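In: Here is my input, please return the structure:
(2 chains)
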Amino acid sequence: MSVTSTATGTPRHSDGPAPDTPHIVPVRHWGRAVAAVAAVAALAGLIGSLARNGNLHWDVIGHYLFAGLVFDGLATTLWLTAAAMTLGLVLGTLVAVLRLSEDPVLYGLSSLFVWVFRGTPLLVQIIFWGYAGALYKHVMIGIPFTGVTFFQADTNSLLTPSVAALLALGLNEAAYASEIVRAGIQSVDVGQTEAAHSLGMRPALTMRRIVLPQAMRVIIPPLGNETINMLKMTALVSVIAAHDLMSNIQDVYGQNYQVIPMLVVASLWYLALVSLLSLPQTWLERRYGRGTARGAAASPLRRLCGGLLTGTRTRTRKDPAR
Amino acid sequence: MVHAEGVRKHFGRLQVLKGIDLTVERGQVCCLLGPSGSGKSTFLRCVNHLERADGGRLRVDGEPVGYREQGSRLHELREREVAARRRDIGMVFQRFNLFPHLTALENVMEAPVKVTGTARTEARDDALRLLRQVGLADRAGHYPAQLSGGQQQRVAIARALAMKPKLMLFDEPTSALDPELVGDVLDVMRGLAEDGMTMVVVTHEIGFAREVADLAVFMDEGVVVESGDPRRVLVEPEQERTRAFLSKVL
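Out: So this is what the prediction gives:
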C-alpha cells in the first residue's frame, strides 16, 4: 500500500469517496492552463521561424548530423567524459577522505591539490598538459641523485592529446568532486559512525559500508550536474586537437565556413547526450534513496502533465507499516 | 567487568567527570541515574572509548580501555586495536542510530559478516533468531524508516547482541520513545538481564532501575553522589541531593 498525498494537502479520493464524505472539488488553476497555451503557441512560432530561416542551411545540418566524422568525435567525447568522470570521482573520493583525515600531512597535501586544480582555469590546465613536453622533454622514474632509473620515456609519446585531455579533465574534476563528496560525508549523522564503531567496525570499513552509501543520496544530484558539465567541457580539449566532437566540427567549418549550421549539429548532439545522461541519474537517486521517505518522487512527465489544472503533484511515500 | 577509579574527563575548560569510582561485576545490571549534564552518558561513552577519558583508571574485563599495558606503562592503542576491543562491548543509543540504508535484518547481519567474517547464511540465521528474541521476526525486511521508534530500538539491541558482547551499554534507550512504546524495549532489556548479561544502563526509568538493577548509581555534576542497592538508593536515599532528584522525577 502507498500513502498518497498532494501538494495542496487535499486528500486524493481515487478509491471513491466514502459514503459519508461530500464530493470534494479541487482548486482549479485556470491561470496555469492559459499560460500553458500561450507558451506552446510562442514556442511553435519560434520553431516555425527557425525552420523557414534559409540562413540556417538545414541541408548542411542534415548532411553532417549523421556524418562519420561527427560519430568519431562523439565516440571520443563519450569515452573522454566517462573516463574523466571515473578518474575524477575515484580520485575525488580519496581526496575528500584525506581532507577529513586527522593526519596533518594528508590534510595538507589534499588541500593543496584542491587549491591548485580548482584555482586555475581548466583551459590553462588542458593547454599545460597538452604542451607538457615543452616543459620536460623526458619523464623518468628513479632514485634522485643516484642515476638509477627504472623507467624513462619521451614526454610527447607518453602524453598524447587523448592522455593529456583525460589528465586535465580528470584532475580538474577530482578537485570539484572531492568537495561534493566531502559535503556528502559530512551530511551523514555522527551517530552513524559511532554506531558502526561501537560494533567494532574500523574507520575504513565504516566509511565504505556505512557513511559513503548514505552520503551518495546527497552526492548524486550535484554529481549528475558535474557529468553533464563534463560532457560539454570536453569541447575545450579541441585546443589540443584531441579529436572530440567539437574538434571535428571545428575542422569541418574551418573548411566549408558553415559555422552556424555546424554548431547547430554539435548542439543537437550535446543536447541529445545530456538528455540520455539524466536517465541513470534518476535510477541512481532511487537506488540510494532506499530507506528514506522521500526516496521515490513522481516522474518528471507526471509532474509536467498532472498538475496543469488541479495542482496534483503526487509524491509517493513508503508505508510506515506500524 | 567494568572497573573505574577516579575517571576524569574535560570538554575544553568544562570538567564533565570529576573522578568517577565504579565497579560492575560480571552478570550485574548497573543503572546510572541523575539529572541531565551530570556526566552519565559521557562516562558510558568512555567505557567503549567513544570518548577518551583524560585521567584515572578505567578497565573493562581486566584490560585498560584504549590502552595496552606493558609493565608499568600504558601504550595507546591504534584504531584497529580499539575496534577489536569494542567487539566485546555492545552499545545502544538514545537515538537508535540504525543504518537507514539497510533493512532490519541487514542492520543486524552487518557487523558479524564484515567484522568477524561470519558466513552469510550463519549470520542470517543468528540475526533472525535475535530479531525473534526482540519480537520483530516479521519486520526483518523493513527499513528503519518503516519501523516505529520502539521497534527501531529493539532492532538496535539485536544488532548489538549479534556481536555476542560480554557487556552491554545502554545510553538512555527509552528517552526518545513515545511513552506507550517504552514498555516493549524495557521488556527486552529485562529479558537480557535475566539471561545474565552484564549491563550498564543510563536511564530515567526509576521503576526499571528499582526492579532490575543490582546496582544503582546516582550521579550529579560529574561525581557519584550515592551508589548501592537500588532498593536503598532509590527508596530511602541517604543524600539530600538524591532525595531532591527522586522527588522531582517520581
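In: and the longest helix that chain B contains, what does it pack onto?
Out: Scanning chain B for the helix with the most residues, using DSSP state H, yields helix B:179-194. Applying 3 or more CB pairs under 8 Å, 6 or more residues apart in numbering or on different chains; DSSP states H and E, one finds that helix B:179-194 contacts helix B:149-161, strand B:198-202, helix B:206-212. C-betas here are computed from N, CA, C, even on glycine.
In: Give the buried residues for the last one.
Out: Read that as helix B:206-212. Within helix B:206-212, the residues scored as buried using 16 or more other CB atoms under 10 Å in any protein chain shown are B:206, B:208-209, B:212.
In: could you dump those residues to CSV with pLDDT?
Out: Shown next, in CSV, are these (pLDDT from 0 to 100):
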residue, pLDDT
B:206, 91
B:208, 93
B:209, 93
B:212, 93
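In: can you put those in a markdown table and add distance to residue A:189?
Out: Below are the buried residues of helix B:206-212 laid out as a markdown table (distance: CB to CB, whole Å):
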| residue | distance to residue A:189 |
| --- | --- |
| B:206 | 30 |
| B:208 | 27 |
| B:209 | 29 |
| B:212 | 30 |
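In: hmm, who's touching the one helix or strand residue B:58 maps to?
Out: Counting by DSSP states H and E, the element that carries residue B:58 is strand B:55-60. Strand B:55-60 is touched from outside by B:1-9, B:19-20, B:46-48, B:64-65, B:85, B:88-89, B:167, with contacts defined as CB atoms under 8 Å, 6 or more residues apart in numbering or on different chains.
In: about what we covered before: turn the buried residues of helix B:206-212 into a markdown table, including distance to chain A.
Out: Output for these, formatted as a markdown table (distance: CB to the nearest CB, whole Å):
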| residue | distance to chain A |
| --- | --- |
| B:206 | 26 |
| B:208 | 22 |
| B:209 | 23 |
| B:212 | 22 |
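In: on that earlier part again, how far does the longest helix of chain B sit from its chain's centre?
Out: Its chain's average C-alpha position is 14 Å from that of helix B:179-194, according to CA atoms, centre = their mean, to the nearest Å.
In: export it as PDB, just CAs?
Out: Extracted in PDB, the C-alpha atoms of helix B:179-194 (Å, rounded to 0.1, in the frame of the first residue of the first chain):
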ATOM      1  CA  PRO B 179       5.500   6.600  26.400                       C
ATOM      2  CA  GLU B 180       3.500   3.600  25.100                       C
ATOM      3  CA  LEU B 181       6.500   2.100  23.300                       C
ATOM      4  CA  VAL B 182       8.800   2.200  26.300                       C
ATOM      5  CA  GLY B 183       7.500  -1.000  27.800                       C
ATOM      6  CA  ASP B 184       8.500  -3.200  24.900                       C
ATOM      7  CA  VAL B 185      12.100  -2.000  25.000                       C
ATOM      8  CA  LEU B 186      12.300  -2.400  28.700                       C
ATOM      9  CA  ASP B 187      10.900  -5.900  28.500                       C
ATOM     10  CA  VAL B 188      13.600  -6.900  26.100                       C
ATOM     11  CA  MET B 189      16.200  -5.400  28.400                       C
ATOM     12  CA  ARG B 190      14.700  -7.200  31.400                       C
ATOM     13  CA  GLY B 191      15.000 -10.500  29.400                       C
ATOM     14  CA  LEU B 192      18.600  -9.800  28.800                       C
ATOM     15  CA  ALA B 193      19.300  -9.100  32.500                       C
ATOM     16  CA  GLU B 194      17.500 -12.400  33.400                       C
END
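In: quick one, helices of the stretch 1-150 of chain A?
Out: Along the stretch 1-150 of chain A, the segments classed as helices by DSSP state H, counting those that start in this stretch run A:30-52, A:58-65, A:68-99, A:104-119, A:122-130.
In: Please identify the buried residues of the longest one?
Out: When neighbours are counted by 16+ other CB under 10 Å, the buried residues of helix A:68-99 are found to be A:70, A:73-74, A:76-78, A:80-81, A:84-85, A:87-89, A:91-93, A:95-99.
In: next one: the shortest one
Out: For helix A:58-65, burial by neighbour count (16+ other CB under 10 Å) applies to A:60-61, A:64.
In: just for the stretch 151-300 of chain A, where's the confidence low?
Out: A:291-300 (pLDDT under 70).
In: residues from it in reach of chain B?
Out: Selection of the stretch 151-300 of chain A residues close to chain B by CB under 8 Å from any CB of the partner chain yields A:189, A:191-192, A:194-203, A:205, A:209-210, A:213-214, A:288, A:290-293.
In: Mind doing that once more with 6 Å?
Out: Selection of the stretch 151-300 of chain A residues close to chain B by CB under 6 Å from any CB of the partner chain yields A:191, A:194-195, A:198-203, A:210, A:213-214, A:290-291, A:293.
In: Out of the residues you listed, which end up buried?
Out: Buried among these (16+ other CB under 10 Å): A:194-195, A:198-203, A:210, A:213-214, A:290-291.
In: could you dump those residues to JSON lines with secondary structure?
Out: Listed next are those as JSON lines, based on DSSP: H, G, I helix; E, B strand; the rest coil:
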{"residue": "A:194", "secondary structure": "helix"}
{"residue": "A:195", "secondary structure": "helix"}
{"residue": "A:198", "secondary structure": "helix"}
{"residue": "A:199", "secondary structure": "coil"}
{"residue": "A:200", "secondary structure": "coil"}
{"residue": "A:201", "secondary structure": "coil"}
{"residue": "A:202", "secondary structure": "coil"}
{"residue": "A:203", "secondary structure": "helix"}
{"residue": "A:210", "secondary structure": "helix"}
{"residue": "A:213", "secondary structure": "helix"}
{"residue": "A:214", "secondary structure": "helix"}
{"residue": "A:290", "secondary structure": "coil"}
{"residue": "A:291", "secondary structure": "coil"}
